[in-house]
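In: Sequence and predicted structure, then a few things I'm wondering about:
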2 protein chains.
Amino acid sequence: MDITISNQARMDIRDGLWLGPTPSLAPGFTQANLIVLPSKYAFDFLLFCHRNAQACPVIDVCEAGSYQPFHSAPDGDLRTDLPKYYVYRNGVLVSEKRDIIELWTEDMVSFLLGCSFTFETALRRAGIPVRHIEEGKNVPMYITNIECNKAGLFQGPMVVSMRPIPAHMIALAVQTTARFPKVHGAPIHLGNPLHVGIMDLNKPDFGDAVTIHPGEIPVFWACGVTPQAAIMRVKLDQVITHAPGHMFITDLRDEEMTD
Amino acid sequence: MDITISNQARMDIRDGLWLGPTPSLAPGFTQANLIVLPSKYAFDFLLFCHRNAQACPVIDVCEAGSYQPFHSAPDGDLRTDLPKYYVYRNGVLVSEKRDIIELWTEDMVSFLLGCSFTFETALRRAGIPVRHIEEGKNVPMYITNIECNKAGLFQGPMVVSMRPIPAHMIALAVQTTARFPKVHGAPIHLGNPLHVGIMDLNKPDFGDAVTIHPGEIPVFWACGVTPQAAIMRVKLDQVITHAPGHMFITDLRDEEMTD
């Protein structure tokens, strides 16, 4: 497996040849959530990630003004290499962008966080169905009533992704994903969604609803969209993120995300 | 095992009843390295820790002005609960203190980093000798020629601790310490000290030299004194740290430092 695969995927996105969600691109390479913040928020946010490492596992950080993720994809450009960006002002999603070249400033600090797409390959290899892939959808994500640990001004609820798993395969799914602590690791809940404050599985807060077959149980993993819920809660003046499901593709192998 | 043990150890230090190195205090409770910095350096330093996690595993961070480590020892006081502090100005060690009450300001951000003392209990339980404990000394620590990953203005060489291990026990020592990724984990080198730039094992940069018996091989672990080498290199205007071997005792159990 050659990193020209991940590099090519980024180039295709940069050139406008790929506009959709990224799960099917560059299989075997780690995809990441993006958060771009003014430098005044950088310490509090990095501390928020540290204190909520299961939801916000840090893969790479670019110092102020840098858009090249030196440790995870040195040829990448965080301004152009994601298919869709969200722009938040004062906690409100104000626009979607194909690139953020015109919004970029020298004061911006960029964070790449691990993504559960990484362990989905391992789940499928273990024979466990991944419904949103089967159905060609984006993974369903929900805002829970689980409060994250605060850090400075950052606070908010944990966001989770959900995959329906046949009951007899749940132990295997737990073991399989627990091997990947750098990309959310083991589930944080399974079973009744009301216990974590999710009212209706058919109405995800991000992504698409998926079918739950008889005999399947919804299983919930901490999700890298959690920072976006915090950004909405604390009403930061300016933040740019990936659009959920539209990730940054790194040169890191999924295997490097195991413990 | 009750946290009154760790709390009592901190109280004894606070009351001036214990002035020496801390390894023998509150066995089973995690001890931590302390770094106290002006807030302007906090983001760069936290990023330095993230990028050099084996040397600088973050256990707890107190936001500016707070000296109570909420997540690791809520009853603790970082200004008084270590037996000895080092004060650096412009990268030079200028004084040793029994407490830092008079130096404390509202702008100070405190970091607690994991310490290899944590895995020494596990080594001894596995029947592996820990020489500096046998000899009643502080662990020997050396500045290596291994460069840490830079972060902002922080850069410097990795500092390592050394324990001589009988050759037939080294595999066991690696496995035993690898279980503790939050407190430096597996060794970073073993054998010839020259290969990592250590000229003379009898002249450690911090701590005390220990006896190496025939048939033993020096084994080197990343050490939480690494930030002090960076502080000296980059000549920060003001920093306070623990004195090597004189650690902060948390309420966290050693077992919590396993993966």
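Out: Now that the structure is in, tell me what you want to look at. Numbering: from 1, shown residues only, chains lettered A, B, ... in the order given.
In: give the contact list for whichever residue of the stretch 1-150 of chain A sits closest to chain B.
Out: Scanning the stretch 1-150 of chain A for the residue nearest chain B gives A:Phe43, at 3.8 Å (criterion: C-beta to the nearest C-beta). Bear in mind the C-beta positions are built from the backbone N, C-alpha and C, glycine included. Each residue near A:Phe43 by C-beta atoms under 8 Å, 6 or more residues apart in numbering or on different chains is listed here: A:152, B:39, B:42-43, B:46, B:109.
In: Separate out the buried members of these.
Out: A:152, B:42-43, B:46, B:109 (16 or more other C-beta atoms under 10 Å in any protein chain shown).
In: Between these, which sits nearest A:Val225?
Out: Nearest to A:Val225 among the buried ones among the contacts of A:Phe43, counting by C-beta to C-beta, is A:Gly152 at 20.1 Å.
In: where does the residue nearest to A:Tyr41 when sequence neighbours are not counted sit relative to A:Leu93, distance-wise?
Out: In space, and not counting its chain neighbours, A:Tyr41 is closest to A:Leu236: 6.4 Å by C-beta to C-beta, 6 or more residues apart in numbering or on different chains. Plainly put, A:Leu236 is 12 Å away from A:Leu93 if you go by C-beta to C-beta, to the nearest Å.
In: Ok, A:Ile231 next?
Out: 9 Å.
In: okay, the two: which has more neighbours?
Out: Using other C-beta atoms under 10 Å in any protein chain shown as the criterion, A:Ile231 and A:Leu93 rank with A:Ile231 on top: 26 against 15.
In: what kind of secondary structure is the residue nearest to that one when sequence neighbours are not counted in?
Out: Nearest residue to A:Ile231, sequence neighbours excluded (C-beta to C-beta, 6+ apart): A:Val239, at 4.9 Å. With DSSP: H, G, I helix; E, B strand; the rest coil as the basis, A:Val239 sits in strand.
In: And the pLDDT for A:Val239?
Out: Per-residue pLDDT puts A:Val239 at 95.
In: ditto for A:Met1
Out: Reported pLDDT for A:Met1: 59.
In: Check the one 4 residues further on too.
Out: At A:Ile5 the predicted local distance difference test score is 93.
In: Same check on A:Ile143?
Out: A:Ile143 is given a pLDDT of 96.
In: give the contact list for the nearest residue to it once chain neighbours are set aside.
Out: In space, and not counting its chain neighbours, A:Ile143 is closest to A:Asp205: 4.7 Å by C-beta to C-beta, 6+ apart. For A:Asp205, the contact set (C-beta under 8 Å, 6+ apart) comprises A:141-143, A:159.
In: Tabulate the residues you listed in a markdown table, adding columns for distance to B:Ile165 and secondary structure.
Out: Listed next are the contacts of A:Asp205 as a markdown table, based on distance: C-beta to C-beta, whole Å; DSSP: H, G, I helix; E, B strand; the rest coil:
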| residue | distance to B:Ile165 | secondary structure |
| --- | --- | --- |
| A:Met141 | 48 | strand |
| A:Tyr142 | 50 | strand |
| A:Ile143 | 50 | strand |
| A:Val159 | 46 | strand |
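In: Please work out how many residues are found near the residue nearest to A:Ile231.
Out: 25.
In: now A:Leu19
Out: 10.
In: Would you mind listing the residues in contact with the residue nearest to it when sequence neighbours are not counted?
Out: Take A:Leu19 and drop its neighbours on the chain: the residue closest to it by C-beta to C-beta, 6+ apart is A:Pro83, 5.3 Å away. A:Pro83 is in contact with A:13, A:18-22, A:98, A:243, A:246, counting by C-beta under 8 Å, 6+ apart.
In: The stretch 151-259 of chain A against chain B: which residues are in contact?
Out: A:151-152, A:181, A:259 (C-beta under 8 Å from any C-beta of the partner chain).
In: Enumerate the positions of stretch A:85-102 that are buried.
Out: Buried residues in stretch A:85-102, defined by neighbour count with 16+ other C-beta under 10 Å: A:85-88, A:97, A:99-100.
In: Looking at the residues you listed, which one is closest to A:Gln31?
Out: The closest of the buried residues of stretch A:85-102, once distances to A:Gln31 are taken by C-beta to C-beta, is A:Tyr85, at 14.9 Å.
In: now that closest one, nearest residue through space, not along the chain?
Out: According to C-beta to C-beta, 6+ apart, the nearest residue to A:Tyr85 is A:Lys97 (4.4 Å).
In: same question, A:Lys235
Out: Closest to A:Lys235 by C-beta to C-beta, 6+ apart is A:Gly91, at 3.4 Å.
In: low-confidence ranges in chain A?
Out: A:1 (pLDDT under 70).
In: Helices of that one, residue ranges please.
Out: Assigned by DSSP state H, the helices in chain A fall at A:4-14, A:42-51, A:117-125, A:131-134, A:170-178, A:226-234.
In: For A:Arg163, which of the ones you listed is the nearest?
Out: helix A:131-134 (6.2 Å).
In: buried set for the closest one?
Out: A:131-133.
In: From the residues you listed, list the ones also adjacent to chain B.
Out: Near chain B, by the rule C-beta under 8 Å from any C-beta, you find none of the buried residues of helix A:131-134.
In: Can I get those residues in JSON lines including distance to A:Gln8?
Out: JSON lines is the format used below for the buried residues of helix A:131-134 (distance: C-beta to C-beta, whole Å):
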{"residue": "A:Arg131", "distance to A:Gln8": "28"}
{"residue": "A:His132", "distance to A:Gln8": "24"}
{"residue": "A:Ile133", "distance to A:Gln8": "21"}
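In: Would you agree A:Tyr41 is in contact with A:Lys235?
Out: No. Using C-beta atoms under 8 Å, A:Tyr41 makes no contact with A:Lys235, being 11.9 Å away.
In: For these two, work out which one has more neighbours and name it.
Out: Neighbour count, other C-beta under 10 Å: between A:Tyr41 and A:Lys235, A:Tyr41 has more, with 22 against 12.
In: just to revisit the earlier point, can I have the buried ones of the contacts of A:Pro83 as a PyMOL selection?
Out: Typed into PyMOL, the line below selects the buried ones among the contacts of A:Pro83, using 16+ other C-beta under 10 Å:
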select buried, chain A and resi 13+18+21+22+243+246
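In: closest to B:Pro187 among the contacts of A:Pro83?
Out: Nearest to B:Pro187 out of the contacts of A:Pro83 is A:Thr22 (C-beta to C-beta; 38.3 Å).
In: give the contact list for the spatially closest residue to the closest one that is not a sequence neighbour.
Out: Nearest residue to A:Thr22 in three dimensions, chain neighbours excluded: A:Met247, at 4.7 Å (C-beta to C-beta, 6+ apart). Going by C-beta under 8 Å, 6+ apart, A:Met247 touches A:22-23, A:31-34, A:82, A:115, A:117.
In: List phi and psi for A:Met247.
Out: phi -100, psi 170 (degrees, to the nearest 10).
In: Could you measure from it over to A:Phe119?
Out: A:Met247 sits at a distance of 14 Å from A:Phe119 (criterion: C-beta to C-beta).
In: got it, and A:Ser66?
Out: 29 Å.
In: same thing with A:Ala26?
Out: 16 Å.
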